[in-house]
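Enquirer: Sequence plus the predicted model coming up.
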Amino acid sequence: MAASLPIIDLSSPHRLSAADSVRQACVEYGFFYLVNHGVDTQCLRKVFNQSAHFFSLPLQQKMDLARKEYRGYTPLYSETLHVTSLSKGDPKESYYIGPVEDPSIAHLNQWPSEELLPNWKPSMESLYWKLLAAGKNLLSLIAMSLNLDEDYFEKIGALNKPAAFLRLLHYPGELVSGEQICGASPHSDYGMVTLLMTDGVPGLQISKDKLREPQVWEDVPHVEGALIVNIGDLMERWTNCLYRSTLHRVMSTGKERYSVAFFFDPSSDCMVECFESCCSESSPPRFPPIRSGDYLNERFRLTYGSERELPCSTST
Ligand SMILES: O=C(O)CCC(=O)C(=O)O
Ligand SMILES: [Fe+2]
């Protein structure tokens with residue numbers, strides 16, 4: 001069954017009504033499609049091609065760029081699951097690119113050499129800049145959707161030095177003995193908001209109700225030209241659970257699949273505490289204030305080497 005997610009127009013001149021649609025989407029699904037976002041298809045095509053080139057390199061060349069300081073290559077099965085019989089880890093490989101706009105940390109990024117993969121770095125940087133602009137624009141819409149000033153996220157310092165990471169993903173997709181397995185195990189994203197680009201190969205699914213057993217999974221089909229946006233756990237905290245950070249996973253279909261995720265997270269020194277517009281006497285804050293960097297580090301520490309907390313379920 002496919003989820004019927006709303007489509008939000010980021011360039012709509014009717015900002016207030018777009019903000020209303022964002023609110024509805026975030027309350028109901030925590031997921032929506034975003035169109036007219038300013039990330040052109042040519043730029044995306046380049047990045048998907050460059051991503052395929054990188055992942056087709058011999059393992060040793062990829063391991064030369066193995067992840068350090070959260071940046072670089074993570075091999076297949078490196079994200080092991082906590083509680084599962086299929087504890088081999090997720091059958092996917094990835095490549096992280098951290099903030100490129102801040103000279104004090106941009107040098108922490110690792111890049112394949114120009115001889116090995118010509119134009120790789122500029123292609124990635126170009127997409128990064130476009131996603132950063134789209135993400136900031138989207139956040140002003142999200143602020144409006146919460147009855148906050150359009151520049152609220154700037155005002156509270158979330159965007160001073162956003163912890164924004166681009167992650168290239170590759171799911172080789174071979175099925176072992178016809179078993180249904182997760183390319184990415186069920187999880188919610190940790191941060192503020194994620195912008196996801198997919199290549200058209202199906203697999204992404206959401207489960208609207210985290211607590212329901214067994215979980216009911218709905219497909220999130222690829223929509224040409226649209227980004228898939230989802231709310232992360234920090235936004236859920238900020239909004240006192242008004243906006244949902246929805247559980248999602250990627251099921252293997254037996255087909256190779258590529259995707260690119262942009263995790264747009266707040267500056268690490270930004271305090272995340274319930275927005276005034278999201279609490280009242282009858283609905284007090286459910287979480288204490290927390291520094292964004294502390295929260296994210298703890299989430300990564302707890303799931304060290306896994307980044308995924310829940311066991312892979314094969315029920316659909
Ligand atoms: O590959 C996808 O479609 C989803 C990836 C994802 O959810 C993640 O990396 O957090
Ligand atoms: Fe995710």
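Expert: Now that the structure is in, tell me what you want to look at. Ligands and ions are numbered 1, 2, ... in the order given.

Enquirer: neighbours of Glu236, just the number please.
Expert: 22 (other CB atoms under 10 Å). The way it works is simple: take the backbone N, C-alpha and C, and place the C-beta from them, glycine included.

Enquirer: same check, this time on Glu298
Expert: 12.

Enquirer: quick one: it and ligand 1, what's the gap?
Expert: According to CB to the nearest ligand atom, to the nearest Å, Glu298 and ligand 1 sit 18 Å apart.

Enquirer: is it true that that residue lies in a strand?
Expert: No: per DSSP: H, G, I helix; E, B strand; the rest coil, Glu298 lies outside any strand segment and is helix.

Enquirer: separation between it and Asp233?
Expert: 11 Å (CB to CB, to the nearest Å).

Enquirer: Over to Ser113?
Expert: The gap separating Ser113 from Asp233 is 37 Å, by CB to CB.

Enquirer: what about the two, which has more around it?
Expert: Of the pair Ser113 and Asp233, Asp233 is the one with more neighbours under other CB under 10 Å, namely 20 against 12.

Enquirer: residue contacts, the residue in the chain positioned nearest to ligand 1?
Expert: Proximity of the chain to ligand 1 (CB to the nearest ligand atom) peaks at Ser259, 3.5 Å away. Shown in contact with Ser259 (CB atoms under 8 Å, 6 or more residues apart in numbering): 169, 171, 196-199, 204, 250.

Enquirer: Can you report phi and psi for it?
Expert: According to degrees, to the nearest 10, the main-chain angles of Ser259 amount to phi -150, psi 170.

Enquirer: That one pairs with what?
Expert: Leu169, Thr198 (DSSP bridges).

Enquirer: returning to that earlier point: save the contacts of Ser259 as JSON lines, and put in pLDDT and distance to Lys62 too.
Expert: Below are the contacts of Ser259 laid out as JSON lines (pLDDT from 0 to 100; distance: CB to CB, whole Å):
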{"residue": "Leu169", "pLDDT": "98", "distance to Lys62": "14"}
{"residue": "Tyr171", "pLDDT": "95", "distance to Lys62": "15"}
{"residue": "Leu196", "pLDDT": "98", "distance to Lys62": "23"}
{"residue": "Met197", "pLDDT": "98", "distance to Lys62": "21"}
{"residue": "Thr198", "pLDDT": "98", "distance to Lys62": "22"}
{"residue": "Asp199", "pLDDT": "97", "distance to Lys62": "19"}
{"residue": "Leu204", "pLDDT": "98", "distance to Lys62": "24"}
{"residue": "Val250", "pLDDT": "95", "distance to Lys62": "20"}
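
Enquirer: Gly72 belongs to a strand?
Expert: Yes: counting by three-state DSSP, one finds Gly72 located in a strand.

Enquirer: Name the residues of the stretch 151-300 of the chain found near ligand 1, please.
Expert: Contact residues, the stretch 151-300 of the chain versus ligand 1 (CB under 6 Å from any ligand atom): 167, 169, 184, 189, 196, 198, 204, 248, 250, 259, 261.

Enquirer: center of the protein - which residue?
Expert: The residue lying closest to the centre of the chain (CA atoms, centre = their mean) is Thr194, at 3.5 Å.

Enquirer: and it, bridged to which residues?
Expert: Asn230, Phe263.

Enquirer: circling back: now which of the contacts of Ser259 would you call buried?
Expert: By neighbour count, with 16 or more other CB atoms under 10 Å, the contacts of Ser259 hold 169, 171, 196-199, 204, 250 as buried.

Enquirer: Only the buried residues of the lengthiest helix in the chain, if you could.
Expert: Scanning the chain for the longest helix, with DSSP state H as the assignment, gives helix 120-145. Buried residues in helix 120-145, defined by neighbour count with 16+ other CB under 10 Å: 120-121, 123-128, 130-132, 134-136, 138-145.

Enquirer: Can you tell me the SS state at the residue with the largest distance to the centre of the chain?
Expert: Relative to the mean C-alpha coordinate of the chain, counting by CA atoms, centre = their mean, the farthest residue is Glu281 (33.1 Å). The three-state label for Glu281, taken from three-state DSSP, comes out as coil.

Enquirer: quick one: pLDDT of it?
Expert: Looking at Glu281, its pLDDT is 95.

Enquirer: show me where pLDDT drops low in the chain?
Expert: Scanning the chain with the threshold set as pLDDT under 70 gives 79-87, 176-180, 303-316.

Enquirer: Do you have the helices of it handy? List them.
Expert: Per DSSP H, the chain carries helices over the ranges 15-28, 41-55, 59-63, 103-106, 120-145, 152-155, 233-238, 292-302.

Enquirer: Which neighbouring elements make contact with the first one?
Expert: Contacts of helix 15-28 with other secondary structure elements, assessed using 3 or more CB pairs under 8 Å, 6 or more residues apart in numbering; DSSP states H and E, are made with strand 7-9, strand 31-35, helix 120-145.

Enquirer: and if we set it to 7 Å?
Expert: Using 3 or more CB pairs under 7 Å, 6 or more residues apart in numbering; DSSP states H and E, the elements in contact with helix 15-28 are strand 7-9, helix 120-145.
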